[in-house]
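# need a structure here:
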Amino acid sequence: MTSAEPTEAQVACFEAGIKFGSLYHQFAGTPVSPESAASLAAAIEESIENQPHCRDVRVDIKTDVLADAIAEGPATYTELTGRFLDVEIVVVYEGTRVVAEIAMEDGYPLMRPVSVESV
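Alright, predicted model coming up:
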């Protein structure tokens with residue numbers, strides 16, 4: 001079996017996946033309310049931006065969806081899950097730029113690249 005070195009695009013996509021894995025598994029389950037959503041989003045962005053090759057992170061916690069979920073429960077907060085997140089991560093590795101996002105599909109948060117381009 002012949003092995004080949006991964007391409008720049010493959011490494012850049014892998015790096016984006018690492019960022020999303022870190023983001024989701026570090027912050028899923030964090031208590032959040034509409035009042036704390038903005039500060040939590042900023043903390044997530046700043047945390048993930050520290051990682052290698054990460055150029056930009058945009059996190060929006062959907063406070064309207066969050067408020068609806070809280071209204072259905074007994075507490076004044078809920079735990080952060082993918083259904084409350086709108087996230088875009090930009091990774092630049094060598095000469096490749098990857099933009100990746102979280103998108104809900106059939107009730108499950110899927111993280112995927114949306115563009116891969118040479119820079």
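# remind me which residues of the protein are low pLDDT?
Applying pLDDT under 70 to the chain flags residues 1.
# quick one: buried residues of stretch 40-60?
Residues of stretch 40-60 classed as buried: 40, 41, 44, 45, 48, 53, 54, 57, 59 (neighbour count, 16 or more other Cβ atoms under 10 Å). Backbone N, C-alpha and C define where each C-beta goes, glycine included.
# could you tell me the end-to-end distance of that stretch?
Using Cα to Cα, to the nearest Å, the span of stretch 40-60 from its first residue to its last is 9 Å.
# hey, where'd the strands end up in this structure?
31-32, 54-61, 78-79, 85-93, 96-105, 108-118 (DSSP state E).
# which residues touch the second one?
Right, the one you point to is strand 54-61. 15, 19, 23, 32, 37-38, 40-42, 44-45, 48-49, 80, 84-92, 97 (Cβ atoms under 8 Å, 6 or more residues apart in numbering).
# before we move on, back to that, just put the buried residues of stretch 40-60 in a markdown table and tack on distance to residue 114.
Supplementary listing: those in a markdown table, determined by distance: Cβ to Cβ, whole Å:
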| residue | distance to residue 114 |
| --- | --- |
| 40 | 24 |
| 41 | 20 |
| 44 | 19 |
| 45 | 18 |
| 48 | 17 |
| 53 | 17 |
| 54 | 16 |
| 57 | 14 |
| 59 | 16 |
